[in-house]
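**Q** starting from these lines, generate the structure:
(2 chains)
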Amino acid sequence: MSSAWRSALVAMGLIACLADLSTVALAKVDPGEPRVEYDGRFAFTRIRYGAAIDLSRFRREPPWMHDFPRADFHFLKILGELTFLSTVVDQGNILTLDDPDLAMSPIAYMSEPGFWFMSEAETAGLRNYLLKGGFIIFDDFRGNHIQNLLVQMRKVYPEGSFQKLDVTHPIFHSFFEIKDLDPRSGYYARDGDTEWLGIYEDNDTRKRLIAIANNNHDLGELWEFSDTGYMPVDISNEAYKFGVNYVMYAMTH
Amino acid sequence: MLDALFRFFFELSPVVFSQGEFRFAASTGSYVAAAAVAVAAGLTILAYRKGHGRPGQRIALAGIRLAILALILVCMFRPLLVVRAAVPQQNFLGVLLDDSRSMQIADVDGQPRASFVKSEFGASDRGLLKALSERFTVRTFRFSSAATRTTQESDLTFGGSQSRLGAALSGVRQELAGLPVAGLVMVSDGADTADAALGDAILGLKAEGLPVFTIGVGRETLSKDIQVGRVVTPKTALKGTTLMVDVVLSQSGFDGQKVTLDVEDEGTLVSTQQVSLPNAGTPASIPVRFTVNEAGPRVLRFRVSPQQGELVTENNAREALIDVRDRKEKILYFEGEPRYEYKFIRRAIPEGDNIIVTSLIRTADNKYMRQGVDGPDELVAAFPKTREELFAYRSLIIGSLEAAAMTGDQLKMISEFVDRRGGGLLMLGGPRAFAEGGWTGTAVADILPVVLDRNKLQPKGTVMRLTIKPTRAGAATAVTQLGANEQASAERWNSLPVVTAVNRVDAVKPGATVLLMGTDESRAERPMLIFQRYGRGKTFAFLPQNSWVWQMHSTIAVDDLTHENYWRQLMRWLVDGVPDQVEPALTTERVEPGEGAILTANIVDPSFVELNDAAVMATVTAPDGTVSDVPMSWDGEHAGQYQATIPTKAPGWYAARIDATRAGKSVGSAVTHFRAAPGDAEYFDATMHAGTLRRIADETGGRFYDPSNTSTLADDLRYTGRGVTTVEEHELWHLPIVLLLLVGLLCAEWGYRRVVGLA
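**A** All right, here's what the predicted structure looks like:
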């Protein structure tokens, strides 16, 4: 399948989704902790956490729910349209890291880890989750936010550390053939070069990735507004490609 | 006792009666006497027609009187027993003495069985041998695997590792062919360890009319004994496989006693467990679990520690040879959609394991991801389209994939993969699997162990939530073993989280076995893991769609290996026993040193079609390192089957590498092992087998004796009717039994009269 064809397909998928997405509320009220009862389909799981600082004074939503719910449901729509993965398109999980139900979603997504703060129970929960076979995507952070992510993950997985991934890594070829990792292509490129960082199981590069982080990038933002015209289609397409590849990689590795 | 009574009343041995012929030597006087008896009988009837007493009483008295007259009449006709008796010293007699190890068992008043042989046959001036030598020219043979002439007591070592009764009898019969042989005497405990049936040897003896007189030494039951009766193990296993083996224990004198059953792999203890012995005479099957971690030919020893007072301790252990293969076995896993079950099944098989899961996952329409492939060309065109390509794998897993994704020929190929190639097939539960995936009515549905019904589908969008437990049959398999022992395993199953299923299966095929059963929310039971043999291969159905919760669930510890162990065992079962293109087989894993081992090999082409025109060579490496080539030839009867007999000399391991070529191209090769070593079969079922010895005697016209009643043997042998004989006539009218009958009848008449008041 050529990349041109695939881009067109993504675009068509987006257009097809527009009608449905127009009904998605733009409300930013705290959704609580909704969860989908497992029935075999893939449900998007967003990690809820306590922030290190209170952002309410900036009149914005908690960092863990940034881009929710539109990003989540747009991505699920595209994922279900492009792949044979059965997805739950109109519901998702919002779970804390110490929630027992997290085990039923071996792929998890965390937004704005620059503000992430964990309790002891959450640290243990995430560690067990990753050791058993879970996979987590860190998205939507920039500048020095990476430092907090590194500190938090050091608590969770001290035996491993984030390593920079290059384009030859299988995660960039698990569905779409991503041929170039342009450091200036990230949503927050103005804050620094975009990097794709990963933690390997046992810190062994021959083993699977247990976590991936998009430094100076925000896939969720691009998913969220992919139906509004605010974002160029090709940039949104690229964001979806990364997301689809992450899920496909985590489903197969 | 009975024999002595018989001789008292009849003055002759039963053998004489069985061999002789009845005749009457009537004279003129006999006929005169007959007339007189007839008159007396007539008078008797007339006398009893009327008179005292009731009619019934008169009839009884008349009957007794007529019987007395009939007996007198028979005696007047001079009954004779005409029998051909061997002329002394004119005939030969073959004596076969069991020289095997089981004769050392001391179950006769604390004395070994061999002591009877030594005391009665040790020298020509002793016991039975002396009595026989006075009447016959005796040829003595000792036998274990074959019969050989013996002339002195020191020839008997009682060290033979087997007792081949049939071979010994046939050998002696041929040795004495052409001589006037009166019969054969066999002294043995009757424990025949030969693979060949005894019937052929008996048939030869019957055809020649040569009777065998057997003497059974030893007890028919051992007072105190424990025996490891049978152990059924696979001939080959993949390194790292956990095996569940049934060990059959039997005992006498140790009812209910607890003993330790150990399994040793070349001296290393790999399993131990306490077992309660079954009741005497009721063998019990004990499941034993162990893992084979060392590659190569391994001798596994299953042993119960000897108990105090046991007569035979050698039968407390059994050995089994397992060829543990350290090689990579490839399983093709075709998954129809991205899902967690795929990821975690792959993850359960670690890199470096002997199982390689080569997988093909359909991620989108006509888009596939390959994992675990050997090179860029493997599965490049998705699922194999030729038999050669598919049959290169040893087993196949089909995930959540609809039947319509396959062509008709591919479906047929999968069926042949199991039926003809002998591969294993596992279908996993999922939205596109089983009847929900349109597999009903396909060639694959025919081979699956479950019944697919397109009218009974699980409603779309609904799932069953089930707790799973092994069935009784499942608990006896390695795949369900999740704990260190049976109890731990059962507890583990009880604690496992609920799984979901989206395929409805209400029935399994008649030949299938349900290994795991699920209980849904309405308490209904549904088969979850089902197995059946099909053709040369086997098929499984596993219904849950998310066994990965056994790995991920919050109640499962990080270091818990339940999920890994389950899938590793299931995968090993899938590839277990799957044949290669060159598949060797041995009729027995052990031969006696010096004997030949019969090696067979099944040769097929890459499509697993049998080849009868291959060049097959066995390269045999002996224990001393010498290498010899033994050509194997097609047996002419079975397609693709080649055979050769591999000679052995020294005891030890022999490795046979079989290479098959066709038109100069290699078809394949395989290595198998066997050992030349003295067997221990002598100590198993080591009681005296009276049935076997009695059968030999009865079918050949001889007689069975136990050591206490052999006094008549020498005389009995005179009347076999074989060899140089003379005719003997024995008058029967004056036998004690006749007198006894006569007196008895007279007494009966008198007594009856007294009773009924007619005296």
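
**Q** so is stretch B:551-571 next to chain A?
**A** Yes: for stretch B:551-571, a contact with chain A is found by CB under 8 Å from any CB of the partner chain, at B:551-556, B:558. Every residue, glycine included, has its C-beta placed from N, CA and C.

**Q** go through chain A and flag its longest strand.
**A** strand A:87-95 (DSSP state E).

**Q** how far does it sit from its chain's centre?
**A** What separates the centre of strand A:87-95 from the centre of its chain is 13 Å, taken as CA atoms, centre = their mean, to the nearest Å.

**Q** now the strands for chain A?
**A** If DSSP E is used as the criterion, the strands of chain A fall at A:42-47, A:50-51, A:87-95, A:107-111, A:116-117, A:135-141, A:163-164, A:195-200, A:209-215.

**Q** determine which of those strands approaches residue B:739 most closely.
**A** When those are compared for distance to residue B:739 using CB to CB, the nearest one is strand A:42-47, at 105.2 Å.

**Q** the closest one - contacts with which helices or strands?
**A** helix A:70-82, strand A:87-95, strand A:107-111 (3 or more CB pairs under 8 Å, 6 or more residues apart in numbering or on different chains; DSSP states H and E).

**Q** let me know the pLDDT of the residue of the stretch 1-150 of chain A found nearest chain B.
**A** Proximity of the stretch 1-150 of chain A to chain B (CB to the nearest CB) peaks at residue A:100, 3.6 Å away. Residue A:100 carries a pLDDT value of 96.

**Q** re earlier: what would the strands of chain A look like in CSV with distance to residue B:432 and mean neighbour count?
**A** Output for the strands of chain A, formatted as CSV (distance: least, CB to CB, whole Å; neighbours: other CB atoms under 10 Å in any protein chain shown):
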stretch, distance to residue B:432, mean neighbour count
strand A:42-47, 15, 24
strand A:50-51, 41, 15
strand A:87-95, 15, 20
strand A:107-111, 21, 25
strand A:116-117, 39, 20
strand A:135-141, 24, 25
strand A:163-164, 37, 13
strand A:195-200, 32, 20
strand A:209-215, 28, 24
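
**Q** which of these comes out lowest on mean pLDDT?
**A** Among these, strand A:50-51 carries the lowest mean pLDDT (a mean of 78).

**Q** which residues are in contact with that one?
**A** Contacts of strand A:50-51 with the rest of the structure, by CB atoms under 8 Å, 6 or more residues apart in numbering or on different chains, involve A:62-64, A:115-119.

**Q** who does it pair with, and is each partner parallel or antiparallel?
**A** strand A:116-117 (antiparallel) (DSSP bridges).

**Q** how about the residues of chain A near chain B?
**A** Within chain A, the positions adjacent to chain B are A:1, A:38-40, A:42, A:82-86, A:100-104, A:106, A:128-129, A:131-134, A:174-175, A:247-248, A:250-253 by CB under 8 Å from any CB.

**Q** quick revisit: show me what the longest strand of chain A is packed up against.
**A** So strand A:87-95, by 3+ CB pairs under 8 Å, 6+ apart, packs with strand A:42-47, helix A:70-82.

**Q** one step back: CSV for the helices and strands packed on strand A:42-47, including distance to residue B:190?
**A** As requested, the helices and strands packed on strand A:42-47 are arranged in CSV below (distance: least, CB to CB, whole Å):
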stretch, distance to residue B:190
helix A:70-82, 76
strand A:87-95, 75
strand A:107-111, 71
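
**Q** circling back: now the helices and strands packed on strand A:87-95 as CSV including distance to residue B:382?
**A** Shown next, in CSV, are those (distance: least, CB to CB, whole Å):
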stretch, distance to residue B:382
strand A:42-47, 23
helix A:70-82, 19
